[in-house]
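**Q** fold the following and give me the result.
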Amino acid sequence: MRMLQSSGHGHIGGAFSAIDIVSALYFYKMRVDPKDPQMENRDRFILSAGHKCMAQYGVLAEKGYFDKSILDTYGKLHSKIPGHPDMHKLPGIEANTGALGHGMAIAAGMAMALKLNKLNSKVYVMLGDGELAEGSNWEAVAAASKFGLDKLVVFIDNNELQISGKVVDVMDMRPIDKKFRAFGWEVLNINGNNIFDIVSALDYSDRTNGKPLMILCKTTKSKGLPMGENDPEFHFWKPSKEDLEKAGRMLSKRIESLQAGLEEVV
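**A** Next up is the predicted model:
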């Protein structure tokens with residue numbers, strides 16, 4: 001929301017559907033060091049659906065990769081956090097993405113190189129379900145299986161919506177899980193907005209068995225923002241000042257409620 005206030009627009013729908021997964025990766029599972037972003041044995045994360053970058057920027061800032069004041073430059077000329085990730089501008093970004101369909105191949109190539117170099121690092125990649133219509137994904141899927149890239153973990157943000165409407169109306173790629181299994185992948189189906197499901201899947205991914213793993217995540221577009229949930233108009237949102245104020249109030253109440261529940265658990 002801070003970035004939206006800066007720019008007046010952004011791909012909020014996908015950022016909100018993906019944020020639980022990205023948060024769990026950086027704060028629960030991935031071996032990374034914000035003070036040494038190029039650490040050789042680090043785990044890698046590729047956000048193939050690069051337009052969801054506000055989710056990654058927010059998490060990188062919370063993790064300490066850069067000062068949070070940079071978030072206020074989103075959407076500005078020469079910003080270090082442009083509308084799609086740029087590895088030359090920001091620490092923690094592993095590849096320039098946003099031209100959909102490229103991230104899977106980049107991640108498979110990284111996993112192959114790490115395997116050849118006998119490094120135990122893992123490569124995580126996130127795709128959108130609408131992105132699966134890009135044919136280059138399936139070449140990478142076939143190659144990852146062929147070469148037994150069991151350090152490769154793919155998350156598919158299956159929120160069922162894209163910029164022009166329902167994914168199934170644009171290009172129906174179902175059944176996604178069966179397609180990956182047919183290519184020789186291991187597959188999990190989870191609720192991608194449930195942190196317990198995500199954490200369990202990440203723990204499961206550590207038990208490698210010679211196959212790459214695809215985690216099909218059922219998510220909700222704009223999850224956590226009631227005014228935008230399951231609305232394709234929020235794929236790219238240009239909020240008014242009133243919209244931002246209303247959304248801010250909604251999110252503040254939600255955060256307070258979650259914090260109260262956490263305190264009860266603790």
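**Q** so how far is the worst-scoring helix or strand of the chain on mean pLDDT from its chain's centroid?
**A** Here the helix or strand of the chain ranked lowest by mean pLDDT, DSSP states H and E is helix 241-265, holding a mean of 87. Here the centre of helix 241-265 is set off from its chain's centre by 22 Å, with Cα atoms, centre = their mean, to the nearest Å.
**Q** in the chain, what spans have low per-residue confidence?
**A** Within the chain, the segments meeting pLDDT under 70 span 264-266.
**Q** show me the contacts for S23.
**A** 59, 195 (Cβ atoms under 8 Å, 6 or more residues apart in numbering). In this view, the C-beta of every residue, glycine as well, is placed from N, C-alpha and C.
**Q** the same query, at a cut-off of 6 Å, please.
**A** Contacts for S23 were tallied using Cβ atoms under 6 Å, 6 or more residues apart in numbering; they are V59.
**Q** any idea how far it lies from V167?
**A** 24 Å (Cβ to Cβ, to the nearest Å).
**Q** picking that back up, packing partners of the least confident helix or strand of the chain?
**A** Packing partners of helix 241-265 (3 or more Cβ pairs under 6 Å, 6 or more residues apart in numbering; DSSP states H and E): none among the helices and strands.
**Q** name the SS class of the residue lying closest to M250 once chain neighbours are set aside, please.
**A** Closest residue in space to M250, ignoring its immediate chain neighbours: P226 at 5.8 Å, by Cβ to Cβ, 6 or more residues apart in numbering. Counting by DSSP: H, G, I helix; E, B strand; the rest coil, the backbone at P226 sits in coil.
**Q** any idea how far P226 is from L251?
**A** For P226, the distance to L251 (Cβ to Cβ) stands at 9 Å.
**Q** more crowded one of the two?
**A** Neighbour totals were compared for P226 and L251, and L251 leads with 15 against 12 (other Cβ atoms under 10 Å).
**Q** burial count for the residue nearest to that one when sequence neighbours are not counted?
**A** In space, and not counting its chain neighbours, L251 is closest to M1: 6.4 Å by Cβ to Cβ, 6+ apart. Residues near M1, counting by other Cβ under 10 Å, number 18.
**Q** got a list of what E131 touches?
**A** For E131, the contact set (Cβ under 6 Å, 6+ apart) comprises 49, 100.
**Q** doesn't it lie inside a helix?
**A** Yes. E131: assigned to a helix according to three-state DSSP.
**Q** quick check: it vs E263, distance?
**A** When E131 is compared with E263 (using Cβ to Cβ), they lie 39 Å apart.
**Q** and what of E40?
**A** As for E40, its distance to E263 is 40 Å (criterion: Cβ to Cβ).
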